[in-house]
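Student: my questions concern the predicted model and sequence given below.
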Amino acid sequence: MDIIFSADQLFLLILAVIFLIAVIVIVIEWRKTTVSKNDVILLEKQAELKKIELVEKDLESKQRKENLVDLSEEDQEKLKQIRLNTSEITAKVGLLSSQVSERVDQLEAKNELIKLQKLSLELDKKEKELNDLLNK
């Protein structure tokens, strides 16, 4: 059964397909914008929560400082010494962490270099074998 379309029918069919494609594209873009708007709203709410969290931490810090005023000078000095020791230890931890990271990077680079050197030697060997076979 052969279906033959007239020029007008073919024109209308092409227009219908184009219209259908346009509708699909519009729906997809509309969906993307809706998702983007939801993402923006979510990020705004997360930012608000972060602000609230920072304010709470600030209030706690102020409250701790107010409580320090109530401490005797000896207790304040002990607390100051503990904070100083904590800062020193944190600095040492940061230094050691950096050193470890650098050494790991160095070892990875050396390992990669060795692998590449071995691969280069293997390639040279294969190339020599192929050249020997070609020269026979």
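Tutor: Alright, I've got the coordinates. Numbers count the residues shown, from 1 in each chain.
Student: run the chain-centre distance for stretch 75-94.
Tutor: Distance of stretch 75-94 from its chain centroid, counting by CA atoms, centre = their mean, to the nearest Å, is 33 Å.
Student: apologies, that question was intended for stretch 46-62.
Tutor: Distance, centroid of stretch 46-62 to centroid of chain: 25 Å (CA atoms, centre = their mean).
Student: what's the mean pLDDT across that stretch?
Tutor: In this model, stretch 46-62 has an average pLDDT of 91.
Student: next one: the residue most central in space within the chain from Ser120, what distance?
Tutor: Central residue check for the chain by CA atoms, centre = their mean: the C-alpha nearest the mean position is that of Leu43, 16.1 Å away. According to CB to CB, to the nearest Å, Leu43 stands 49 Å off from Ser120. Every residue, glycine included, has its C-beta placed from N, CA and C.
Student: ok so, going back, which secondary structure element contains the residue nearest to the centre of the chain?
Tutor: Secondary structure assignment for Leu43, by DSSP states H and E: helix 7-70.
Student: now the angle from the helix or strand containing Glu122 to helix 7-70?
Tutor: Glu122 is part of helix 73-135 when elements are defined by DSSP H and E. Going by axes from the mean of the first three to the mean of the last three CA atoms, to 10 degrees, helix 73-135 is angled at 140 degrees with respect to helix 7-70.
Student: show me the contacts for the residue nearest to the centre of the chain.
Tutor: By CB atoms under 8 Å, 6 or more residues apart in numbering, the contact set of Leu43 is empty.
Student: what's the neighbour count on Gln76?
Tutor: 13 (other CB atoms under 10 Å).
Student: what's the distance between it and Val93?
Tutor: 26 Å.
Student: with that, I have no additional questions.
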